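In: For reference, the sequence and a predicted model appear below.
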Amino acid sequence: SPSTPAQMCPGVSEAPELYSRGFLTIEQITMLPPPAIMNYIFLLLCLCGLVGNGLVLWFFGFSIKRSPFSVYFLHLASADVGYLFSKAVFSILNTGGFLGPFADYVRAVSRIVGLCMVLTGVSLLPAISSERCLSVVFPTWYWRRRPKRLSAVVCSLLWALSLLVTCVHNYFCVFLGRQASGAGCTHMDAFLGILLFLVFCPLMVLPCLALILHVECRARRRQRSAKLNHVILAVVSVFLVSSIYLGIDWFLFWVFQIPAPFPEYVTDLCLCINSCAKPVVYFLAGRDKSQRLWEPLRVVFQRALRDGAEPGEAGGGTPNTVTLEMQCPSGNAS
């Protein structure tokens with residue numbers, strides 16, 4: 001009811017600003033301004049994440065032979081770079097205390113771009129986990145029936161979907177939000193929450209569970225699990241852990257009408273950590289513990305995409321081989 005926000009947030013005349021944010025903020029919340037140190041933390045995280053994801057873009061895009069899954073990770077890194085860049089611009093404006101119409105316009109654009117990048121990154125995770133599950137559980141069918149450009153087509157469709165949803169959300173929450181009662185923005189926030197937490201999350205978790213069960217069954221035959229499985233499971237786990245605060249925010253508001261219990265910068269910090277963590281996951285999964293000296297990052301990232309069996313050997317039960325351009329010097333023939 002309209003009186004509930006006033007009771008929960010006494011003395012706040014701009015209560016609809018707080019409630020219109022849902023779980024991803026479009027409007028600036030002035031009720032709980034972040035500490036000044038948070039802007040520097042955001043800026044440091046964004047710079048580190050931009051360097052890491054930039055290396056991923058370079059190696060996956062130009063230095064490593066393309067594979068169906070490297071295309072997904074390439075687009076995932078692109079979405080993370082876009083989000084981190086928009087967040088870095090926002091942090092720079094806040095750190096420098098820039099005011100005025102132009103600074104406000106840049107802030108608004110940064111928020112819109114960030115929302116689009118977050119949606120794209122989250123939508124790519126179900127596609128990655130689902131396709132990997134199919135390739136492992138039904139390898140013969142997958143490698144014989146899969147269209148060659150499926151990864152590129154799926155990524156293009158997901159980018160288009162994210163752009164469309166972002167434009168519609170921006171239309172209702174920004175252009176019409178100040179003219180109407182805000183019902184359209186409220187419905188869009190509810191739709192975004194359902195899309196992220198009730199559609200995308202199950203679609204990424206269920207294939208991962210099937211993949212884990214299949215790998216456990218194969219482990220009884222002493223077959224080594226592909227590193228790509230570890231990468232996908234780790235990336236999905238990082239997102240689920242980092243989105244806990246985001247999900248709690250959304251769930252408490254839409255189910256119990258309780259305003260966001262966490263400050264805006266807490267949920268934004270989780271999103272930044274999620275975007276910065278992926279290059280670290282690739283590095284940890286791809287590094288060879290037996291190597292005392294540092295290996296080239298190209299070799300490490302390449303090893304992280306190790307994919308089990310060659311396409312032609314999908315149904316033959318052959319030992320793991322590397323489907324990429326270059327194998328480890330030691331080789332894994334058994």
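Out: Arrived safely, thanks for sending. No experiment lies behind these values; they were computed from the predicted model shown.

In: Let me know whether Val122 touches Phe200 as I believe.
Out: Yes: shown here, Val122 and Phe200 form a contact pair, counting by CB atoms under 8 Å, at 5.3 Å. For every residue, glycine as well, the C-beta is placed using N, CA and C.

In: so where's the stretch 51-200 of the chain uncertain?
Out: The stretch 51-200 of the chain contains residues with pLDDT under 70 at 177-183.

In: residue ranges for the helices of it, please.
Out: Assigned by DSSP state H, counting those that start in this stretch, the stretch 51-200 of the chain shows helices spanning 68-96, 101-137, 139-145, 150-170, 183-193.

In: Of all the ones you listed, which one is nearest Cys276?
Out: helix 68-96 (7.3 Å; CB to CB).

In: tell me which residues of that closest one are tucked away?
Out: 68-94 (16 or more other CB atoms under 10 Å).

In: name the helices or strands packed onto it?
Out: Applying 3 or more CB pairs under 8 Å, 6 or more residues apart in numbering; DSSP states H and E, one finds that helix 68-96 contacts helix 36-58, helix 101-137, helix 150-170, helix 264-286.

In: Save those helices as TSV, and put in distance to Ile194 too.
Out: Output for the helices and strands packed on helix 68-96, formatted as TSV (distance: least, CB to CB, whole Å):
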stretch	distance to Ile194
helix 36-58	28
helix 101-137	13
helix 150-170	12
helix 264-286	18
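
In: Leu211 is nearest to which of these?
Out: Of all these, helix 101-137 comes closest under CB to CB, at 5.0 Å.

In: what angle sits between the closest one and helix 150-170?
Out: Calculated by axes from the mean of the first three to the mean of the last three CA atoms, to 10 degrees, helix 101-137 forms an angle of 140 degrees with helix 150-170.

In: buried stuff in helix 101-137?
Out: 106-108, 110-136.

In: Excluding covalently adjacent residues, which one is nearest to Gly193?
Out: Distances taken as CB to CB, 6 or more residues apart in numbering put Trp250 closest to Gly193, at 4.3 Å, once the chain neighbours are dropped.

In: Next, count neighbours for the one you found.
Out: 23 (other CB atoms under 10 Å).

In: before we move on, what about Ile41?
Out: 15.

In: Quick check: it touching Leu269?
Out: Yes: proximity of Ile41 to Leu269 meets the contact threshold set by CB under 8 Å, at 7.4 Å.

In: follow-up on the earlier one: among the helices and strands packed on helix 68-96, which is nearest Lys227?
Out: Comparing the helices and strands packed on helix 68-96 by CB to CB, helix 264-286 comes nearest, at 5.2 Å.

In: what angle do the helix or strand just after the closest one and helix 36-58 make?
Out: Later in the chain than helix 264-286, the nearest helix or strand by DSSP states H and E is helix 297-304. For helix 297-304 against helix 36-58, the angle by the same axes, to 10 degrees is 80 degrees.

In: what's the model's confidence in helix 297-304, averaged?
Out: For helix 297-304, mean pLDDT is 87.

In: what's the angle between it and helix 264-286?
Out: Using the same axes, to 10 degrees: helix 297-304 against helix 264-286 is 90 degrees.

In: To Asp288, which of the helices of the stretch 51-200 of the chain lies closest?
Out: helix 68-96 (19.3 Å).

In: re earlier: in TSV: the helices of the stretch 51-200 of the chain, plus distance to Arg298.
Out: Below are the helices of the stretch 51-200 of the chain laid out as TSV (distance: least, CB to CB, whole Å):
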stretch	distance to Arg298
helix 68-96	12
helix 101-137	21
helix 139-145	26
helix 150-170	21
helix 183-193	38
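
In: Those: which one's closest to Leu209?
Out: Short answer: helix 101-137, nearest of those by CB to CB, at 9.1 Å.

In: That closest one - contacts with which helices or strands?
Out: Checked by 3+ CB pairs under 8 Å, 6+ apart, helix 101-137 has helix 68-96, helix 139-145, helix 150-170, helix 201-219, helix 227-242 packed alongside it.

In: rerun that using 7 Å as the cut-off
Out: Using 3 or more CB pairs under 7 Å, 6 or more residues apart in numbering; DSSP states H and E, the elements in contact with helix 101-137 are helix 68-96, helix 150-170, helix 201-219, helix 227-242.

In: Between these, which one is closest to Thr140.
Out: Here helix 201-219 is closest among those (CB to CB), at 14.3 Å.

In: Out of the helices and strands packed on helix 68-96, flag the one nearest Met204.
Out: The nearest among the helices and strands packed on helix 68-96, by CB to CB, is helix 101-137 at 4.3 Å.

In: thought Ala304 was touching Val281?
Out: No: taking contacts as CB atoms under 7 Å, Ala304 lies outside contact range of Val281: 8.0 Å.

In: Quickly list what's touching both of the two.
Out: Shared contacts of Ala304 and Val281 (CB atoms under 7 Å, 6 or more residues apart in numbering): Val231.

In: Neighbour count for those two, which is higher?
Out: Using other CB under 10 Å as the criterion, Ala304 and Val281 rank with Ala304 on top: 25 against 18.
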